[in-house]
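# need a structure here:
(one chain, ligands or ions: 2)
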Amino acid sequence: MLAHMSTSVAAGRLASVLDRLAAAPGREGRLTHLERLPARPARHAPWPEWSSPEVVAAYVARGVVEPWQHQAAAADAAYAGQHVVLATGTASGKSLAYQLPALTAALAGRGPRGQRGPTTLYLAPTKALAQDQLAGLGALGVDVRVTTHDGDSGRDQREWARDHAEYVLTNPDMLHHSLLPGHERWRSFLSQLSYVVVDECHHYRGVFGAHVAQVLRRLRRICAAYGASPTFVLASATVAEPEIAAARLTGLDVLAVSGDCSPRGELSLAMWQPALTTFTGENGAPLRRAASSEAADLLADLVAADVRTLAFIRSRRGAEQVAMTAASLLAEVDPSLPERIAAYRGGYLPEERRELERQLRAGELLGLAATNALELGIDISGLDAILLAGFPGTRGAFWQQVGRAGRGAGDALGVLIARDDPLDTYLVTHPEVLLGQPVEATVFDPSNPYVLGPHLCAAAAELPLTEADLPMFGPTARAVADQLTRAGLLRHRTSGWFWTDRRRASDLADIRSAGGAPVSLVEKDTGRVVGTVDAAGAHATAHAGAVYVHRGETWLVESLDLEEHVAVIGRTDAPYSTTARETTDISIIEEQQHRGWGQCRLSFGQVEVVHQVVSFQMRRQPSGEVLGEQQLDLPERTLRTAAVWWTVPDHALHLAGLTTLDLPGSAHAAEHCSIGLLPLFATCDRWDIGGVSTAVHPDTGRLTVFVYDGHPGGAGFAERGFAAAREWLTATRDTIAACECFEGCPSCVQSPKCGNQNNPLDKSGAIRLLDVLLGD
Ligand SMILES: [Zn+2]
Ligand SMILES: [Zn+2]
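Ligands and ions are numbered 1, 2, ... in the order given. Presented below is the predicted three-dimensional model:
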């Protein structure tokens with residue numbers, strides 16, 4: 001919120017430093033694009049008339065003389081009782097938009113003896129973020145009773161929160177497991193609930209998003225029973241269609257406020273594509289130089305040019321390597337420079353973090369390599385440049401990381417270094433996707449019966465479920481309630497559905513996992529649970545021999561026990577990464593929607609997928625060289641899920657000169673690349689989705705390419721693919737056509753998780769096939 005007015009880099013200097021680096025010998029063609037985004041002045045608005053003078057005074061004392069226009073617009077809407085989603089960039093002061101009405105209401109609505117009036121419930125996706133909010137509210141110094149309610153809260157704190165707090169900071173997990181099941185004890189708080197803040201709401205996507213959507217519906221139902229109808233205020237990174245995602249999450253009509261009126265210095269944004277190397281991968285494919293190796297070079301060069309730089313690297317080991325390599329490169333330039341580069345490891349004590357922050361701000365430290373774990377826990381405001389070794393997965397995360405550069409309103413440089421995969425390759429050659437209107441939407445499917453079932457049970461346990469309640473839970477609620485009744489989980493009486501089981505109904509849903517009991521990752525020497533993996537993902541990521549990166553730390557899985565849902569892991573220095581390979585069969589259960597594209601047909605519906613993880617491959621890091629492959633003996637898994645698929649009739653294929661021999665490789669190559677690019681349109685990871693392609697599928701009788709959600713019941717990704725099919729498949733075609741390899745490589749049509757050794761793949765056939773599909 002406060003601008004740091006330290007000396008910033010002279011306008012245009014960063015862009016010229018980058019130009020110089022890109023012109024160095026051997027770097028021809030690496031810089032694929034340089035965009036200079038002009039500085040943006042702040043646009044202010046007066047404080048809304050209804051604002052509490054005490055709250056305004058507190059902000060003014062912290063240097064916020066007037067709010068920015070987007071803050072005032074969102075705050076006004078919320079105060080008027082309009083549900084609102086604020087979708088603006090990093091550091092655009094989103095908190096003010098909900099704190100102003102919430103704190104004003106709490107102060108203005110107190111009873112004559114200071115009794116609690118209107119209350120606010122703040123939800124963050126992580127505990128750390130709620131702690132940050134608590135610190136921020138504390139620093140604001142407004143006399144409102146604020147507390148956190150999370151797994152670490154003691155009994156006294158919980159009681160105080162229920163009975164006295166006006167502003168409770170918690171997370172969806174606590175709402176699901178504690179607050180809603182215990183709603184009677186929270187009655188006084190909930191009956192006065194005026195605002196529900198859903199911060200960083202783009203985190204709620206895929207299966208997790210569907211769970212949180214149902215938790216919020218349960219909250220609305222309980223509030224209504226106590227006579228409250230709180231106003232929802234959501235905050236999000238900039239994504240496509242924020243009002244649609246927010247409406248899906250809450251089940252309410254939500255107004256979007258998205259014009260960012262906070263000031264910004266000039267930002268130079270560079271797209272950087274590493275060169276092809278002489279290393280070869282599978283089937284002799286050329287490999288690109290690793291993004292992290294390239295980042296080490298650029299980090300050294302920028303530090304040598306006195307540019308304060310932070311490099312984001314995927315794993316902690318990678319970050320340490322980058323810092324070490326950059327330091328040794330700098331030692332050749334100036335022996336004093338290496339000590340001005342460091343790697344940020346997680347788990348620093350608060351005082352160590354503050355020391356690091358101070359060194360960066362003071363310019364004693366010039367270069368830092370860090371994992372994404374840095375995002376929560378360190379406040380860096382003294383940087384000039386950000387290097388990203390690979391696209392961080394979503395546009396929101398990308399802008400959040402780039403937004404770390406720029407001291408105050410000073411100039412900033414961001415460099416996206418492409419990894420060797422289709423998505424990164426597409427982005428560095430089509431920067432307009434990152435610069436223009438967002439195309440990626442936060443998607444999830446709240447009506448997924450696998451998700452809805454346990455929440456209907458939890459809702460029934462909270463208060464018997466009535467016929468009138470069902471519409472709130474979506475169009476599938478009635479069918480799911482009947483199914484739960486047949487299964488003996490709910491009892492249906494004339495007045496509604498009841499939970500009569502002895503178990504805690506809320507234990508049926510693990511909102512952070514996607515169906516089935518999650519697998520615990522247990523450290524071998526200590527028995528400590530380090531984390532969990534979804535049941536759906538365990539075969540592919542936690543099999544024996546897998547190298548697993550968890551919060552930047554690298555682990556080796558020693559064994560996986562599927563009965564006990566436990567994987568035993570130990571820390572490793574293995575110089576390679578692993579990728580699991582799986583085979584897949586698919587059959588269509590029901591086509592629910594379709595569209596004709598000339599003679600071709602695009603469909604969305606339910607499918608049954610039988611897949612099996614059969615082996616894993618080891619690749620040297622960072623080069624990506626294939627070191628070997630090991631077989632695995634894991635059972636088949638059957639998955640009922642949602643899929644998008646397209647078919648092309650034979651005569652259209654022949655007309656395009658595609659022979660029967662060309663078809664399997666062409667369809668397979670198109671499938672791989674399309675899976676790599678779907679995350680651009682749906683906020684998913686390429687590991688959340690799978691694909692199958694075949695020259696003739698028994699259910700369609702035609703050449704068919706499927707892309708399916710990797711979670712039971714679907715997660716909304718395939719559905720988004722259906723909705724954005726033309727843009728998505730056009731981007732797929734363009735990525736394949738633009739890649740400079742001859743026969744296909746990891747940047748275009750090869751997939752690391754292919755169960756068929758990336759064979760057959762026909763790169764030029766895939767372009768012709770997609771041209772037929774997109775032709776009409
Ligand atoms: Zn290629
Ligand atoms: Zn494949």
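
# Would you mind pulling the contact partners of stretch 769-776?
The contact list for stretch 769-776, computed with C-beta atoms under 8 Å, 6 or more residues apart in numbering, reads 597-600, 646, 648, 652-653, 655-656, 658, 663, 666-667, 670, 703, 726, 729-730, 732-733, 736. In short, each C-beta sits where N, CA and C put it, glycine included.

# Any chance you could list what contacts the helix or strand L21 falls within?
Counting by DSSP states H and E, the element that carries L21 is helix 13-22. Among residues not part of helix 13-22, those counted as contacts by C-beta under 8 Å, 6+ apart are 27, 30-31, 34, 36, 268, 270, 298, 301-302, 305, 307, 384-385, 411-413, 415.

# Can you flag the buried ones in these?
27, 30-31, 34, 268, 270, 298, 301-302, 305, 307, 384-385, 411-413, 415 (16 or more other C-beta atoms under 10 Å).

# Now do the following helix or strand past the helix holding L21: distance to the chain's middle.
Beyond helix 13-22 on the C-terminal side, the first helix or strand identified by DSSP H and E is strand 31-37. Centroid separation between strand 31-37 and its chain, computed with C-alpha atoms, centre = their mean, to the nearest Å, is 25 Å.

# Can I get the lowest-mean-pLDDT helix or strand in the chain as PDB, trimmed to CA atoms?
Within the chain, confidence by mean pLDDT, DSSP states H and E is lowest for helix 350-362 among all helices and strands, at a mean of 79. The C-alpha coordinates for helix 350-362 follow below in PDB (Å, rounded to 0.1, in the frame of the first residue of the first chain):
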ATOM      1  CA  PRO A 350      11.400 -14.500  11.300                       C
ATOM      2  CA  GLU A 351      14.500 -12.600  12.300                       C
ATOM      3  CA  GLU A 352      16.600 -14.300   9.600                       C
ATOM      4  CA  ARG A 353      13.900 -13.400   7.000                       C
ATOM      5  CA  ARG A 354      13.900  -9.800   8.100                       C
ATOM      6  CA  GLU A 355      17.700  -9.700   7.900                       C
ATOM      7  CA  LEU A 356      17.500 -11.000   4.300                       C
ATOM      8  CA  GLU A 357      14.800  -8.500   3.500                       C
ATOM      9  CA  ARG A 358      17.000  -5.700   4.900                       C
ATOM     10  CA  GLN A 359      20.000  -6.800   2.900                       C
ATOM     11  CA  LEU A 360      18.000  -6.800  -0.300                       C
ATOM     12  CA  ARG A 361      16.500  -3.400   0.400                       C
ATOM     13  CA  ALA A 362      19.900  -2.000   1.200                       C
END
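
# list the buried ones in it?
Along helix 350-362, these residues count as buried under the neighbour rule (16+ other C-beta under 10 Å): R353, L356, E357, Q359, L360, R361.

# And stretch 735-742, by the same measure?
By neighbour count with 16+ other C-beta under 10 Å, stretch 735-742 contains the buried residues T735, I736, C739, C741.

# now the residues you listed as CSV including secondary structure, distance to ligand 1 and pLDDT?
Supplementary listing: the buried residues of stretch 735-742 in CSV, determined by DSSP: H, G, I helix; E, B strand; the rest coil; distance: C-beta to the ion, whole Å; pLDDT from 0 to 100:
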residue, secondary structure, distance to ligand 1, pLDDT
T735, helix, 9, 95
I736, helix, 7, 96
C739, coil, 3, 92
C741, coil, 3, 92
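
# Stretch 685-704 spans what distance, first to last residue?
End-to-end distance for stretch 685-704: 23 Å, by C-alpha to C-alpha, to the nearest Å.

# Go through it and flag the buried ones.
By neighbour count on 16+ other C-beta under 10 Å, the buried set for stretch 685-704 is 686-695, 697, 700, 702-704.

# Summarise which helices and strands whichever helix or strand H654 is part of is packed against.
Element membership for H654 (DSSP H and E) is helix 650-655. Contacts of helix 650-655 with other secondary structure elements, assessed using 3 or more C-beta pairs under 8 Å, 6 or more residues apart in numbering; DSSP states H and E, are made with helix 763-774.

# Thanks a lot, catch you later.
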